[in-house]
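Chemist: sequence plus the predicted model coming up.
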Amino acid sequence: MKILFICSNLIGDTILSSGVINHFINQNQEAKLTFVVGPTAAPLLKNYKNIENIIIFKKRKLNLHWLDIFQKTYSTKWDIVVDFRSSILSLLLKNKKKYIFKKLHSIHHIEQLNSSFGFECSNLFIPTSDDEANKVNNHLDNSFKHVVIFPGGNWTPKLWSAENYNETMKLLIDKYDKIKFILVGSLKEKNKFYDQLIKDIKEDLIIDLFGYNLTLTSAYMKKSDVFIGNDSGLMHLAVASELRVISLFGPTNDAVYGPYSDKNIVIRTKENYDYFKSLKINENKTYMSSIKAETVFKNCEKIINDDIN
């Protein structure tokens, strides 16, 4: 049996689709898997078993990347094609069954997947390797609480400032004797945020994972206590890693892209999403300043205390 998954080029959307991927894998455990995926999201898929091929596409003018993908997939007779991009490709390929995502705009992305595929899609899961799990187990001291911090994101207006993260970290240090902070993101984000993020914080309280690959980052998340971060792919990675999440939202829609679970917490700006829809957004300005470090600290304290109790 052969299954083709046509995935997003975005990290967050690929993670949100992982519940669907895992459903088909669990139903067809001997199937050979092929993924079509963008280069930024491709590393998420490397630990799946029975991978036959990962086809990485790079967008080209006039959508010519779809011609490239068609040439690599048309000769195979697929048993199942799962298309998260609602592309023409799934209509052209030879297949016994096809499942196509139909986007809705008013409900959470997971519920859109539920509606499209007809089964529960909320069981997000990104597989990590034994080597990655062993590396984390040998590194982290379980006597400490570990807070994952992600200050980055792909859009300046939705970024909470590094100064606010730094203040939140200091409040947590004052509260807990044994706490460490795992900093995650790209090397570009490290260059932008790191100095302010760790200002006046002891070096031995910082675990720097900036630049680490996504599945190793997930392995660290699986052994941590809480995630604090902006609306982002790494927020969804934390959810898929079964880490409790505090997510910060302003000019993006938490009703559609918030962390999908009642155990997670969304902290919004004082302005709701409808306010931002009517606003002309300055792409070089953050709109997150109404969220206070004290508010984030109190919610983080609640999660940590729930775990202790």
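Modeler: Ah, there it is. Numbering: from 1, shown residues only.
Chemist: show me where the stretch 1-150 of the chain has its helices.
Modeler: 11-16, 18-27, 65-73, 89-92, 109-117, 130-139 (DSSP state H, counting those that start in this stretch).
Chemist: to Asp274, which of those lies closest?
Modeler: helix 109-117 (18.8 Å; C-beta to C-beta). C-beta coordinates here come from the backbone N, C-alpha and C atoms, glycine included.
Chemist: tell me the buried residues in that closest one?
Modeler: For helix 109-117, the neighbour count (16 or more other C-beta atoms under 10 Å) marks His109, Ile110, Gln112, Leu113, Asn114, Ser116, Phe117 as buried.
Chemist: quick check, the fifth one in contact with Asn123.
Modeler: It stands for Asn114. No - contact criterion C-beta atoms under 8 Å: Asn114 and Asn123 do not qualify, at 11.3 Å.
Chemist: show me which helix runs longest in the chain.
Modeler: The longest helix of the chain (DSSP state H) is helix 293-308.
Chemist: and Tyr165, how far is that from Lys263?
Modeler: Distance, Tyr165 to Lys263, by C-beta to C-beta, to the nearest Å: 22 Å.
Chemist: higher neighbour count, the two?
Modeler: Tyr165 (25 against 11; other C-beta atoms under 10 Å).
Chemist: how many other residues sit next to the residue lying closest to the more buried one once chain neighbours are set aside?
Modeler: Distances taken as C-beta to C-beta, 6 or more residues apart in numbering put Pro151 closest to Tyr165, at 5.2 Å, once the chain neighbours are dropped. Applying other C-beta under 10 Å, we find 26 residues neighbouring Pro151.
Chemist: then Lys135?
Modeler: Neighbour tally, Lys135, other C-beta under 10 Å: 15.
Chemist: what sits against it?
Modeler: With C-beta atoms under 8 Å, 6 or more residues apart in numbering as the criterion, the residues that contact Lys135 are Leu216, Ala219.
Chemist: 10 Å instead, please
Modeler: Thr128, Ser129, Leu216, Ala219, Tyr220 (C-beta atoms under 10 Å, 6 or more residues apart in numbering).
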